[in-house]
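Novice: quick one: sequence plus predicted model below, questions after.
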Amino acid sequence: MRSAILQLPEARTARERRQVLRTAVRQLERAELYLAAVAYMELGDREAQRALNQLRTDLESLKRHIGERRNQVIE
């Protein structure tokens, strides 16, 4: 079985595109955990906290967008 991630985007089937998008969402969920861990550290730096909050917001938006794209992929 070939890995969908290693395929060129033009060569992927609809199933492989969904698989790649699902994998991307899982990776973003892992990134969320890392950002939550950093937030839990309470760095005491307002600018860092503001940047962290922005990253978490951007990450959630990206995850939502990719999830929607995954649902739109048609065979």
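Specialist: Okay, I see it. Residues are numbered from 1 along each chain as shown.

Novice: centroid-nearest residue for the chain?
Specialist: When Cα atoms, centre = their mean is applied to the chain, the residue found nearest the centroid is L28 (2.9 Å).

Novice: would you check how far apart that one and E42 are?
Specialist: Using Cβ to Cβ, to the nearest Å, L28 is found at 24 Å from E42. C-beta: built from backbone N, CA, C; applies to glycine.

Novice: now do I66
Specialist: Distance from I66 to E42, by Cβ to Cβ: 30 Å.

Novice: between these two, which is the more surrounded one?
Specialist: Neighbour totals were compared for I66 and E42, and I66 leads with 18 against 8 (other Cβ atoms under 10 Å).

Novice: which strands and helices lie in contact with the helix or strand harbouring that one?
Specialist: In the assignment (DSSP states H and E), I66 maps to helix 46-72. Here helix 46-72 touches helix 14-40, going by 3 or more Cβ pairs under 8 Å, 6 or more residues apart in numbering; DSSP states H and E.
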